[in-house]
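**Q** Structure for this input, please:
(2 chains)
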Number of protein chains: 2
Amino acid sequence: MGETFGQRLQERIRALGPLCVGIDPSSTLLASWGRPDSVEGLEFMALAILEASVGAAAAIKPQVAYFERFGAAGYRVLERLLADARDAEVLVIADAKRGDIGATNEAYAAAWLEESSPLCCDALTVSPFTGVGALTPFFSRCVQGRGVFVLAATSNDEGRSVQRARTDRDEAVEDLILRSVAELNASQENLGSLGVVLGATRDRPRFDLAALRGPYLVPGVGAQGATPEQVGRLFERCPEGSVLVNVARAIANTGPERSALRDAVARWRDNLTSFL
Amino acid sequence: MGETFGQRLQERIRALGPLCVGIDPSSTLLASWGRPDSVEGLEFMALAILEASVGAAAAIKPQVAYFERFGAAGYRVLERLLADARDAEVLVIADAKRGDIGATNEAYAAAWLEESSPLCCDALTVSPFTGVGALTPFFSRCVQGRGVFVLAATSNDEGRSVQRARTDRDEAVEDLILRSVAELNASQENLGSLGVVLGATRDRPRFDLAALRGPYLVPGVGAQGATPEQVGRLFERCPEGSVLVNVARAIANTGPERSALRDAVARWRDNLTSFL
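**A** Below you'll find the predicted structure:
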């Protein structure tokens, strides 16, 4: 792993398009697949979606909450998914939105971004409620080939109360996060490994999105209502290969049939590629 | 479980004092105990601290990150700790700081606050970066006897940039959270089951702390520098039994010897009791 996460991600997006396939094995989705709401159902769905994504999407994004609801047994399934994805050379972003004060973040970084951990992924989503400065243990892993996506503006409306609040520099919290991440990426010649999560359903922040020098992970497309056109407009001036768009339910709703799932992945990838 | 979490917690605090014993089995702490940085070391420390807390502290607070760094195997240890705590009738607050958008929070609430889950606890810490409104799935569990502590002001300095930012009502984010939780507790005659995390190292928020109608979980005492006197002053007008003070390292630093650990628990409890 001589390359950085930013470089690897950009290569994948250039080769395979900007689609990230979300893996969200909720009770509702398992029921719609005719599968039990159990670790067996969880494993079946997670591996089926991985299989449909191999060589067809830039990355997968398992939503950790759906594994955690089965405790240790659910985490064993997640470990299996991560190992299979590594073998299949699929990039994995664990959507865990972890975030605490510094000493605890060191332990979360060890859990998700250390080679020796059974949960080790390519990148992790993290939450900055405790301040961007508290996230240093995650950022430190970026020099070891890992990536981090910091929440800036989430796809839900309720998030605006906090994310649009104004700091003592009279800057919106979301702009503070974008600016801080851009500053941390400033020394990078290529695409940096520190990214942000920016919902496609959100208005354009004041920060110039083309200045991040890192990747965007974009939820909100498909079942949550945003269209590929909207994503294209929001990120129109960003570098090629720096925007990764997550689609979960709109693909999984296709059901468990293999070729239908692969068709849905290809359709979303092509649709997104024409706007990004 | 006819009572609410708020009532149970208040009874425990009245009977046993305001101490919550934090369980933070970090590499550093395991090394200082002469134990390996492994699941075996983790289990030894977690169960030893639980044992020292039975009948001596109002609650324990395992920091989930330290279990998660061992993946599924670490979660098995956490499940064992939770089961043993339940058998010993010790209240458990899982310090996981989970928080996402609504559908995902439903899964996190199922993981941590549903009777059928192997990770089920008495209460969970949650992070409001996605907005207090997004946390409804956690709050819904409070009518089933569970509790939630929403981060308002964390004990670290870096948190102020976000937590002191001003909303469009010209209210600090921390005050928005305190006020929102107070509103959700408003219908409660007794102490509500929705609490907040408020660091003892922080300045007093503008919100009148006595008006929360719910419990406070207070980190920052001991190794992080705040004193019991400071906590006493910060919460001086709050109802009896509504303030739970977490102490982790300052107790665990005593080392693994049983009677020394129990002495440390008793000393901190007595010290806190004299100010709260």
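
**Q** Would you indicate which residues of stretch A:254-262 are buried?
**A** A:254, A:256, A:261-262 (16 or more other Cβ atoms under 10 Å in any protein chain shown). For the C-beta atoms, the positions are set from N, CA and C on the backbone; glycine is no exception.

**Q** How about stretch A:188-205?
**A** In stretch A:188-205, counting by 16+ other Cβ under 10 Å, buried: A:188, A:191-202, A:205.

**Q** cool, and stretch A:233-252?
**A** A:234-235, A:238, A:241-249, A:251-252.

**Q** do the same with stretch A:38-51
**A** A:39, A:41-50.

**Q** what's the most distant pair in the buried residues of stretch A:188-205?
**A** Across the buried residues of stretch A:188-205, no pair lies farther apart than A:Gln188 and A:Thr201, at 28.6 Å, counting by Cβ to Cβ.

**Q** Which one of the buried residues of stretch A:233-252 is nearest to A:Tyr75?
**A** Distances from A:Tyr75 to the buried residues of stretch A:233-252, taken by Cβ to Cβ, are shortest for A:Ala248, at 19.7 Å.

**Q** can you tell me how far the residue lying closest to the closest one once chain neighbours are set aside sits from A:Arg8?
**A** What sits nearest to A:Ala248 in space, not counting adjacent residues and going by Cβ to Cβ, 6 or more residues apart in numbering or on different chains, is A:Gly22, at 2.7 Å. Plainly put, A:Gly22 is 19 Å away from A:Arg8 if you go by Cβ to Cβ, to the nearest Å.

**Q** Looking at the two, which is more packed in?
**A** With neighbours defined as other Cβ atoms under 10 Å in any protein chain shown, A:Gly22 and A:Arg8 compare such that A:Gly22 has more, 24 against 21.

**Q** quick one, what contacts the closest residue to A:Trp33 other than its chain neighbours?
**A** In space, and not counting its chain neighbours, A:Trp33 is closest to A:Pro256: 4.7 Å by Cβ to Cβ, 6+ apart. Contact analysis of A:Pro256 by Cβ atoms under 8 Å, 6 or more residues apart in numbering or on different chains lists A:33-35, A:44-45, A:48.

**Q** quick check, A:Val92 in a helix?
**A** No: A:Val92 is assigned strand when assessed by DSSP: H, G, I helix; E, B strand; the rest coil, not a helix.

**Q** so what's it scoring on pLDDT?
**A** A:Val92 is assigned 98 on the pLDDT scale.

**Q** Can you list the buried residues in stretch A:167-185?
**A** A:167, A:171-182, A:184-185.

**Q** The stretch 151-276 of chain A against chain B: which residues are in contact?
**A** For the stretch 151-276 of chain A, the residues in contact with chain B (Cβ under 8 Å from any Cβ of the partner chain) are A:151, A:154-168, A:173, A:176.

**Q** Can you tell me which of those are buried?
**A** Counted by 16+ other Cβ under 10 Å, those give A:151, A:154-156, A:158-167, A:173, A:176 as buried.

**Q** Identify the residue nearest the residue of chain A most remote from its centre in space, chain neighbours excluded?
**A** Distance from the C-alpha centroid of chain A, by Cα atoms, centre = their mean, peaks at A:Asp168 (29.7 Å). Computed as Cβ to Cβ, 6+ apart, the closest residue to A:Asp168 that is not its neighbour in sequence is B:Arg164, at 7.0 Å.

**Q** And the strands in the stretch 151-276 of chain A?
**A** In the stretch 151-276 of chain A, the segments counted as strands under DSSP state E, counting those that start in this stretch are A:194-198, A:216-218, A:243-247.

**Q** how about JSON lines for those, with mean pLDDT added?
**A** As requested, the strands of the stretch 151-276 of chain A are exported to JSON lines (pLDDT from 0 to 100):
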{"stretch": "strand A:194-198", "mean pLDDT": "98"}
{"stretch": "strand A:216-218", "mean pLDDT": "98"}
{"stretch": "strand A:243-247", "mean pLDDT": "97"}
